[in-house]
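1. Got a sequence here, can you build the structure:
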Amino acid sequence: NVTDVFVNVAGADFAHYPSSILPRSKAFAEHGDQMSACLRAAQGAGIRVHAWFICFNATRNNPTLLETFRKRGWRLKDKSGNLLTYLDPANPAVRSYVLSAVRELARYPVAGVHLDFVRWGDAAVKSGNAAPVIAQFVAEARRQVKRPMWLTAAVYGKYPNCIDKVGQDWARWLELDLVDYVVPMDYAATNAQFVQLLRQQMTPSRNANRTIIGIGVTSNEATLTARQVVEQIGLVRRYGFPGQALFDLDVTLSQKVLPVLRQGVW
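-> Predicted coordinates:
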């Protein structure tokens, strides 16, 4: 009953496909165009493929590329003045670079583009105008990803705290119809924590039917058992959300959780 897969094929500092904008990855060099390979694999399976893109974080921590970003003045600093791997969303050159990559990805026959790290750093760095800047970027990305192709975004689950923390006023994005769905990262070790997040997400967006709940099967917060995943899926349904996204496709999910869900749970 899997309907969609979000495949992480690119970010600000890598591409698993023959990008003319982003640095091509080792995976691409060794195995070829991974976006095309995934699309071929999904043909006839009834599964929609979304290109998952990491926007404002150089997650690969490549020293050479980070130095290039530093020389360009693209990197954010924390409160102590230390350079971060996060790029500055307010920098026009950064925005142009990221949006060009989003536009390039949207040329593939994917069902959608999924934005991750579409935020102003993390709690270590703040800006008074973070939310308007990030909202403007999402609006610009919407112009690159034209409907009927979906534009979705991974977002912090604690709303409205995430507006001040990282500039993610994702309820506003939904109200303005900038994205088709948001995917709150409700990565919680206990059902009580999970329910608290769900309750925060029911009212503010006024678009709960466009909120896909992210369940952290393996995350920094916890590693869930199959039983815990089943319980959290049940809670998502009880609170009326339209679906769940399981993070992420690793050994735990493929070997310990999916076989249980195949028995009719999902």
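2. alpha carbons only for contacts and neighbour counts from here, please
-> Noted.
3. For L235, see how far away the nearest residue to D78 once chain neighbours are set aside is.
-> In space, and not counting its chain neighbours, D78 is closest to V125: 4.9 Å by Cα to Cα, 6 or more residues apart in numbering. V125 is 33 Å from L235, where distance means Cα to Cα, to the nearest Å.
4. Please enumerate the helices of this protein.
-> 26-31, 34-42, 63-71, 92-105, 130-144, 161-166, 170-175, 191-202, 226-238, 251, 258-261 (DSSP state H).
5. so can I have JSON lines of those showing distance to N57?
-> As requested, the helices of the chain are exported to JSON lines (distance: least, Cα to Cα, whole Å):
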{"stretch": "helix 26-31", "distance to N57": "19"}
{"stretch": "helix 34-42", "distance to N57": "21"}
{"stretch": "helix 63-71", "distance to N57": "10"}
{"stretch": "helix 92-105", "distance to N57": "11"}
{"stretch": "helix 130-144", "distance to N57": "14"}
{"stretch": "helix 161-166", "distance to N57": "13"}
{"stretch": "helix 170-175", "distance to N57": "19"}
{"stretch": "helix 191-202", "distance to N57": "25"}
{"stretch": "helix 226-238", "distance to N57": "29"}
{"stretch": "helix 251", "distance to N57": "25"}
{"stretch": "helix 258-261", "distance to N57": "30"}
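6. how about low-confidence regions in the stretch 101-250 of the chain?
-> 204-206 (pLDDT under 70).
7. make it 50
-> Within the stretch 101-250 of the chain, no stretch has pLDDT under 50.
8. quick one on the thing from earlier: turn the helices of the chain into JSON lines, including mean neighbour count and distance to V183.
-> Shown next, in JSON lines, are these (neighbours: other Cα atoms under 10 Å; distance: least, Cα to Cα, whole Å):
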{"stretch": "helix 26-31", "mean neighbour count": "13", "distance to V183": "27"}
{"stretch": "helix 34-42", "mean neighbour count": "16", "distance to V183": "21"}
{"stretch": "helix 63-71", "mean neighbour count": "14", "distance to V183": "28"}
{"stretch": "helix 92-105", "mean neighbour count": "19", "distance to V183": "18"}
{"stretch": "helix 130-144", "mean neighbour count": "19", "distance to V183": "14"}
{"stretch": "helix 161-166", "mean neighbour count": "19", "distance to V183": "14"}
{"stretch": "helix 170-175", "mean neighbour count": "20", "distance to V183": "10"}
{"stretch": "helix 191-202", "mean neighbour count": "16", "distance to V183": "11"}
{"stretch": "helix 226-238", "mean neighbour count": "16", "distance to V183": "12"}
{"stretch": "helix 251", "mean neighbour count": "10", "distance to V183": "22"}
{"stretch": "helix 258-261", "mean neighbour count": "15", "distance to V183": "20"}
